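My questions concern the predicted model and sequence given below.
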Amino acid sequence: MSELHVVFGTGPVGRYTAETLLQQGHRVRMINRSGVMHDQSADIELIASDAFDRTQNIALTRGATAIYFCLAPAYSEWATKFPSLQQAVLDAAIANQTRLAVTENLYGYGAFRGTLREDSPSAPTSRKGQVRLAMQHTLQTAHQQGLVQVAQGRASDFIGPYDTNMTNLAIKPALSGKAINLLGRLDQLHTFSYVKYFGRLMATLGTNQSALGQVWFAPSPPAITQATFVQILSQIIDTPVKTMVLSPFMAQILGLFNKNIAEVHEMLYQFTAPFVIDTQKAQTAFGLTPTPIDVAISETVAWCQHHA
C-alpha cells in the first residue's frame, strides 16, 4: 500500500501540495473544518475536523509518513489562535513520530536590505512577524531536541489559482474591467511566488529526508515591479488595466474603519521598498525550476476565466 500523507488545510498551498503528492503515487488525506473542498480530486480522502483538536489530529495522522501544515487563521487572529493551531498539529507529529512540513511566510525576517535568503537575520518589524518568528522557533526547538523532524517552506506573496490575495485583488477585477488593487508603490521590485510551485516544494520537503531540519524558499521567478505586473497582465488579457494603490497613509486611515486593512498596514513595508528573495537553494538541491512570471499570470488568468 502506498504511503499516507496528511495535509491540514485545503487552501491553494494545501491543494497543490496534495496534487503533487498524488502525482508521486502517494495516498493523500486532507483535513479542513467543513469537509468540503471545491474541485476536489476523487483520489483525495477529505475529512472534516477541527485542527485545534490535538486528540483528533493524533488519530487522523496515525500511520502517516508526513504531515503538512498548510493552515492560517485570519490576520486579526494571529496572536490569539495561530500558535495554538500550530501546536495542535505539532503535537500530532510528535505523538506519531511523523515528519512535519510547515508552510510559512517571510514576515519573521522583517524589513531588510539587499536580497533575502533562508539564513538571513530575523528581525520582525510587525506584530504578525513576531508571532511568526516565535512559531518558527517552536518548530526548530522541537526538531533540535529530537522530538520531531521538521522542514520549513517559505514563500513570498502568492499569485495563482484559488489564491485569495493577489489573484482576487488584481487579476479577477481586471478581467471584469474594474480597477485592480495594489499596495505601497508600483516602482519597487517584489518577488511573487506561484502558489502551484509552493505546493510542489512542500510535497518535496515531506518526501525528502535531506530537507529536514532546514528552511527552504519556494522557487520563484525573478522579482518584478507591480508596474511590470500590470503591463504583463494587460498584454495577456489584451485590455488596459486600471490601478488603485493603497498607500501606508490611506491604509492607516481606512484601517480605522476596516480591521482587515488595519492588519495590512503594518505589512506594507514589503511593497514600499525592494522585496527580493533568492530561491536558488531549493532550485539547486531539488532540481526545481520556477514557472516564469508571465506563464504564472497567464495560467492564473485562464483559471479565473474558467471559474468565472
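Here it is on my side, so go on.

quick one: the helices in the stretch 201-308 of the chain?
Along the stretch 201-308 of the chain, counting by DSSP state H, counting those that start in this stretch, helices occupy 226-237, 248-254, 259-265, 269-272, 280-286, 293-306.

List of residues touching stretch 212-220?
99, 117-119, 143, 149-156, 191-194, 197-198, 201, 205, 277-279, 281-283, 285, 288-290 (Cβ atoms under 8 Å, 6 or more residues apart in numbering). The way it works is simple: take the backbone N, C-alpha and C, and place the C-beta from them, glycine included.

Identify the bridge partners of Ile31.
Per DSSP bridges, the residues bridged to Ile31 are Phe8, Ile47.

circling back: can I get the buried ones among the contacts of stretch 212-220 as something I can paste into ChimeraX?
Entered in ChimeraX, the line below selects the buried ones among the contacts of stretch 212-220, by 16 or more other Cβ atoms under 10 Å:
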select :99,118,143,149,150,151,152,153,154,155,156,191,192,193,194,197,198,201,205,277,278,279,281,282,283,288,290
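
Out of the contacts of stretch 212-220, which sit inside strands?
The members of these that map onto strands under DSSP state E are 99, 150-154, 192-194, 277.

From the rest of the structure, what touches stretch 244-261?
Contact with stretch 244-261 is made by 75-76, 179-186, 262-265, 268, 272, as judged by Cβ under 8 Å, 6+ apart.

ok, how many other residues are close to the spatially closest residue to Ile224 that is not a sequence neighbour?
Nearest-residue entry for Ile224: Ile293, 5.9 Å, with adjacent residues in sequence omitted and distances by Cβ to Cβ, 6 or more residues apart in numbering. Counted with other Cβ atoms under 10 Å, the burial measure for Ile293 works out to 20 neighbours.

Okay, now stretch 118-133: how far is its last residue from its first?
Distances were taken as Cα to Cα, to the nearest Å; on that basis the terminal residues of stretch 118-133 are 13 Å apart.

Now tell me what touches that stretch from outside.
Surrounding stretch 118-133, the residues in contact under the criterion Cβ under 8 Å, 6+ apart are 75, 78-79, 82-83, 104-105, 107-112, 136, 154, 214-217, 263, 266-267, 269, 281.

Show the buried residues in those.
When neighbours are counted using 16+ other Cβ under 10 Å, those contain these buried positions: 75, 78, 82, 104-105, 107-110, 112, 136, 154, 214-217, 263, 266-267, 269, 281.
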